[in-house]
Each structure stands twice: as structure tokens, then as C-alpha cells.
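Enquirer: sequence-free structure coming up:
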């Protein structure tokens, strides 16, 4: 049988998809059991899970002892029982993210297969999302809220698309509410689609919207009352004080989307065109509103001064679903040259997303360096202040303190400082150092900490004992900022 280019590409593209899924599985498997932080704020997630497990409030007035992250709490509420079951460590928290990522891959596959009746198109779409691992900052498997809310949001949208009974709409509303309780960004993901459903479905839309508002709004109201108003403060008011990044108005579309997924967007555009050409054009409008919501969520995250490339996860998820429909539609064409052209586009897209997984996998030296550091912390009798990695205190069996990046919300790290708490927190930190309340202070490189907190008072009360690691890159975070504890200051 004569092998033509488009026939060859029909095999190459699924092979790429399978390779990226396999690479993701191996990478996740090798990272999941690493006992130390893969990313800077993973440790704070562990701190909050342990805090909740011990019966302490998750949202409260900020102090040098504790300040929470600015996300809604479902992920932490799911993590705490697992920490109790499996022990204090990152495995329990990452397990949720890993299972959520597996669920996302499956939902993308089911989404496309249900729409196109093509298992191949569904598989390729899942492979494309797996290939976005590095583009999204190697975020899929870490102890952060993103993977869970993406999976829940996609699942809710899936039920809306393919199940029209009132009972399934109620279920979809509950699932979308859970996504919002996991991370507020999910509200942006689903808002355009909710508007479309309200206009196109009218009365039936109430079976979706009422459970969503009841579960999300009701649970939020009750939790906010339980925490004395601090839930609203941390999850809506405080993020509203962040600066916006004007450059990201266009850089998001040119570099984040165009620079990473331009060819996938072309194929997705063909998919939207294909859906709009159907006799029932409502399908095309459904995917247009769905995709606009997920793209807008990514845009909102990148516009935020506290955002990182993990904000691209909803955009990648939305694009890969519509991409799968486009991939199927061009395979259905009769023009073999056009099929070959699209096949080349998809192949090049996968090639451009290739990455070296080794850079994201901690090795034996990282683990040994972490063990050494925890033993160092454990060896001191008094309090140890590690402002960027407070979870190390938990692992050493000591009292933990607040994370600098959580306190930074009040001190102008992401935009306006909060006058009511700025002086209080600065004075609290500086006074604790001036009074030598800590036996040891362990700091990262100065570029990651504000000089006004430490530069003048720390050298007068503490002596720089040593630099913790001689090897340049050992024990640095493999996801996000490549930071690590660097300097050991001992009380005079």
C-alpha cells in the first residue's frame, strides 16, 4: 500500500500525543514522592492543611505567626483529611492535583470523542494538553489549587454540553460551584457560558444556575460568617488591591497564546468554523462562549501582578478541547493536500511544545540537601524563622511562622500596601528580630526579600554563620522561581 504524507501524519500526530502523555506520567511519578517543596508556595499549602487539621482557623487577622493564601478553601478542606490519613507531607496534597490532572485529560478526551465520535481526536487533544505542562510552568502535579479547579470546571461544562436533563443540569451546577469554591478564577471561566445558557435555554437554565448560586454562594456566605468576614477579605478584597500589568493586555495574546499555541489556535478556529457550519449552529455558539471564558480566565491571571504562567492552564484546557474538534474536522476533508497541511501544523505544534522533563525532576542530591537542612533546623532549641519556606519548620517538628509571600499581600509586594496592616506587620517583624525572639533566621537571596525588613536590624542582633549549600543549584525549586534557603543567621 502506498504511503502518502497525510497517511503518515495520521500516525505521527497520535504518536506525539502518546509520547507527551507518557512523559507527563513519568515526570509526575518521579516528582510526586519528593518530600520537599517543588514550588515556592507549595509549602504554604502544606502549612494551611496542617493548620486546618489541628483545628486552627484558616482565615484570620495576619500576623508574623500566620497569614493564608488568597484562594477559596475547598482544596485545603480536601487536603487536610488526606494529610491526617497519610501523614504530614506533600504526597497527600499532590495526590489531589495528580488525580485532578488525570481527570482533566480524561474529560478532554471524552469531550472531543462525544462531539466527534473519534477516539483518535480525543486522544490527540488530551496529548496536546499534556504537552502544555512546561508552558504552564510544570504546575499540573504540585500542591496548588489550579489542577483541581480546572478539572471541576471542565467536568461541569461537559455535563452541560452533553446531558440535557434537569437532573444533570443540577449536577453540573453543583460541580461548577465546587470549581469556584476551589479557586475564584473559575467564576471567570464559566461566566460567559452561563450567560449563553441563560439566553438560549431560558427556563431550563435555572436548573443549572440556581444550584450553582446556592452551593457556591451559600457555602461562601456560611464560611465567611464562620471566619468572621476574613474569607471575603482574603479571597476578593485583598486580590482587588493588586496592580494590573498593562503590557499583558497584548503580551498575553501575542506571546502566551500566539507564541506557544498559535497552530493549535488555528486548528481550534477551524473547529469553531466547522461547528458553526452544522445545521444546529447553537453548538458553535456553545464552544465560542466556552472558549472565551477559559481564555478570559487565563488573561485575568496574567494581567494580575501576582500572576504566573500557571494562569495559562484554563486557556490551554479550553483551546485543546476546541482544537480536538478542529483536528477531527480537517481529517474529514476529502482534499489530501489540505489534510497534509493541517497535519504538518499539528506536528509542528507538538514539536514546539517539547521540553526536557529532567529539569523539573529533583534528584538524589536535592533530597539529601533537604534532609540536611531539616536536621539543621531541628538541631536548634528555639524558634527558627524561615520566611520563604516556613513548611521546613513543620518537617522539623517546630513551630511555623508566616510566609513572606502571604505577608507581602499587605506590604506592597503585588501593588498597593494595606495601611491598616502595613505598619503593624513591619513593626512586628522588626521588633521580633530586634528582641532576638528567634534563635536562627534562615534567608534566601536578598532579591527575594525586602531590605527594609532586615538590612539594618538583622546584622545588629544576629551573626551570619554560613551559607547553607556549597553546590550552586542543589535544592532549588524545580517549578516557578528557582529559590532555596541560602544564609544561616544565628542569634548573638
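Expert: Thanks, I have it. Bear in mind that the values here come from a model prediction, so they are computed numbers and not experimental data. Numbering: from 1, shown residues only.
Enquirer: so residue 490, which of the three states?
Expert: Judged by DSSP: H, G, I helix; E, B strand; the rest coil, the three-state class of residue 490 is strand.
Enquirer: Which residues are in contact with it?
Expert: Listed by CB atoms under 8 Å, 6 or more residues apart in numbering, the contact set of residue 490 reads 439-440, 462-463, 465. Glycine gets a C-beta too; all of them are placed from N, C-alpha and C.
Enquirer: Name the nearest residue to it, sequence neighbours excluded.
Expert: Nearest residue to residue 490 in three dimensions, chain neighbours excluded: residue 465, at 4.6 Å (CB to CB, 6 or more residues apart in numbering).
Enquirer: can you give me the strands in this protein?
Expert: Ranges of strands within the chain are 383-385, 438-443, 462-467, 487-491, based on DSSP state E.
Enquirer: Going by contacts, tell me the helices and strands next to the third one.
Expert: Secondary structure elements in contact with strand 462-467, counted by 3 or more CB pairs under 8 Å, 6 or more residues apart in numbering; DSSP states H and E, are strand 487-491.
Enquirer: What pairs with the strand it packs on, parallel or antiparallel?
Expert: Partner strands and pairing direction for strand 487-491 (DSSP bridges) are strand 438-443 (antiparallel), strand 462-467 (antiparallel).
Enquirer: Quick check: buried residues in it?
Expert: By neighbour count, with 16 or more other CB atoms under 10 Å as the criterion, the buried positions of strand 487-491 are 487-489, 491.
Enquirer: Make TSV out of those residues and add pLDDT and distance to residue 477.
Expert: Converted to TSV, the buried residues of strand 487-491 look like this (pLDDT from 0 to 100; distance: CB to CB, whole Å):
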residue	pLDDT	distance to residue 477
487	93	17
488	94	19
489	93	21
491	94	28
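Enquirer: re earlier: and the strands paired with strand 487-491, which is most packed in?
Expert: Mean neighbour count, computed with mean count of other CB atoms under 10 Å, is highest for strand 438-443 among the strands paired with strand 487-491, reaching a mean of 21.
Enquirer: gap between that strand and the chain center?
Expert: Relative to the chain's own centre, strand 438-443 is displaced by 30 Å; criterion: CA atoms, centre = their mean, to the nearest Å.
Enquirer: ok now do residue 83, which residues does it touch?
Expert: 46, 49-50, 53, 89, 92-93.
Enquirer: about what we covered before: ok, of the strands paired with strand 487-491, where does mean pLDDT dip lowest?
Expert: Of all the strands paired with strand 487-491, strand 462-467 carries the lowest average pLDDT, namely a mean of 90.
Enquirer: ok, now which ones touch the spatially closest residue to residue 283 that is not a sequence neighbour?
Expert: Distances taken as CB to CB, 6+ apart place residue 275 nearest to residue 283, at 4.7 Å, with adjacent residues excluded. If a contact means CB under 8 Å, 6+ apart, then residue 275 has 281, 283-284, 286-287, 325 as its contacts.
Enquirer: what do you get for residue 235?
Expert: Contacts of residue 235 by CB under 8 Å, 6+ apart are 70-72, 184.
Enquirer: Over to residue 176?
Expert: Residue 176 makes contact with 152-153, 156-157, 186, 190, 208, 212, 216, according to CB under 8 Å, 6+ apart.
Enquirer: The residue nearest to it when sequence neighbours are not counted: how many residues sit nearby?
Expert: Spatially, and ignoring its direct neighbours in sequence, residue 176 is nearest to residue 156 (3.7 Å; CB to CB, 6+ apart). Residues near residue 156, counting by other CB atoms under 10 Å, number 27.
Enquirer: Repeat that for residue 226.
Expert: Applying other CB under 10 Å, we find 13 other residues in the vicinity of residue 226.
Enquirer: That one and residue 66, how far apart?
Expert: As for residue 226, its distance to residue 66 is 17 Å (criterion: CB to CB, to the nearest Å).
Enquirer: Any idea how many residues pack against residue 145?
Expert: There are 25 residues near residue 145, going by other CB under 10 Å.
Enquirer: likewise residue 77?
Expert: Per other CB under 10 Å, the neighbour tally for residue 77 reads 15.
Enquirer: ditto for the one 5 residues further on
Expert: For residue 82, the tally of surrounding residues (other CB under 10 Å) stands at 17.
Enquirer: ditto for residue 263
Expert: Summarising burial for residue 263: neighbours were counted as other CB under 10 Å, giving 21.
Enquirer: Would you check that it makes contact with residue 346?
Expert: Yes. Between residue 263 and residue 346 there is a contact under CB atoms under 8 Å: 6.8 Å.
Enquirer: got the contact list for residue 21?
Expert: Counting by CB under 8 Å, 6+ apart, residue 21 touches 105, 126-127, 130.
Enquirer: do you know how far it is from residue 104?
Expert: Distance, residue 21 to residue 104, using CB to CB: 12 Å.
Enquirer: Let me see the confidence value for the closest residue to residue 397 other than its chain neighbours.
Expert: Of all residues not flanking residue 397 in the chain, residue 378 sits nearest, at 6.4 Å (CB to CB, 6+ apart). You'll see residue 378 listed with a pLDDT of 96.
Enquirer: And for residue 410?
Expert: With respect to pLDDT, residue 410 scores 94.
Enquirer: Now do the buried residues in stretch 184-194.
Expert: For stretch 184-194, a neighbour-count test (16+ other CB under 10 Å) marks 184-190, 192-194 as buried.
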